[in-house]
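pasting the sequence and the predicted coordinates here, then a few questions.
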Amino acid sequence: MRILVVEDEHRIANSIKKGLEQEKYAVDVAYTGIDGFDLASTEDYDLILLDLLLPGMDGVHICKELRAKEIHTPILMLTAKGQIQDKVGGLDSGADDYMTKPFSFEELLARVRALIRRPKHALSETLRIDDLELNTKTYETKRGATVISLSNKEFALLEYLMRHPRTVITKEQIISHVWDYESDILPNTVEVYIRNLRNKIDHPFSSAKALIHTARGFGYKLG
């Protein structure tokens, strides 16, 4: 899953990025409101962490403009301000949640998970497709009773596919959600990771039906 962090305090932004990357998210960072709005309006994100006070364009303005452009990516607004009117202003502009600095990373992570789980096909922390199970909190993956060990990127790719069950996903969609903006990824990189996943969740289970399918010329489908 891919997250955009828009925060002008470099130390805070980089700390959030590092923490989220350790939790297997792909993370882009913008340090100004204008750069943040440009990324949020042109790239495909699963969540935006948006500071309220930003140089160039503040968080409320960014939020209103994104909603006006029919971009409904969940937004978690971050600010040092704690007054009720600031919270109301942020939520009224279209934000989905609000956190006041300073905050614990554990609480931030819990709210990130809650917002990303909102789509109706992913209400649970545990995703299931047939006998394949993935827990987004403990990072445990199983097929039947067998625990499967995945790398961070393999886990992120499988999670993205499982959040879009029985839907053909293009290589471009996979790249935009599993890798961050600065990653130099080629389409055949996706093929390598798909092959790795097949070697772990399909090939060892010859008595069960294959779960990863190729739609030639289009992309991949799980389930």
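Done, it's in.

pull the helix or strand with minimum mean pLDDT from the protein.
helix 84-92 (a mean of 64; mean pLDDT, DSSP states H and E).

and V168, how many neighbours?
14 (other CB atoms under 10 Å). Bear in mind the C-beta positions are built from the backbone N, C-alpha and C, glycine included.

same deal with the one 5 residues further on?
Other residues within reach of Q173, judged by other CB under 10 Å, total 17.

got phi/psi on D58?
phi -80, psi 170 (degrees, to the nearest 10).

ugh, typo on my part, it should be Y193
The phi/psi pair for Y193 (degrees, to the nearest 10) is phi -70, psi -40.

show me where this protein has helices.
10-22, 33-42, 59-68, 84-92, 105-116, 152-162, 171-178, 187-201 (DSSP state H).

determine which stretch of those helices is the most buried.
helix 152-162 (a mean of 21; mean count of other CB atoms under 10 Å).

for that helix, give me every contacting residue.
1, 24-26, 127-129, 132, 134, 136, 139, 141, 150, 169, 174, 177-179, 190, 193-194, 196-197, 200-201, 212, 220-222 (CB atoms under 8 Å, 6 or more residues apart in numbering).

mind doing that once more with 6 Å?
For helix 152-162, contacts defined as CB atoms under 6 Å, 6 or more residues apart in numbering pick out K24, L127, I129, L134, H177, V178, Y193, N196, L197, L222.

cool, and stretch 163-175?
In contact with stretch 163-175 (CB under 6 Å, 6+ apart) are residues A122, I129, I185, P187, V190, A215, F218, G219, Y220, K221, G223.

give me the number of residues near the last one?
Applying other CB under 10 Å, we find 16 other residues in the vicinity of G223.

tally of neighbours for the nearest residue to M1 once chain neighbours are set aside?
Nearest residue to M1, sequence neighbours excluded (CB to CB, 6 or more residues apart in numbering): D46, at 4.4 Å. As a burial measure, D46 scores 19 neighbours (other CB under 10 Å).

right, I'll call it a day here.
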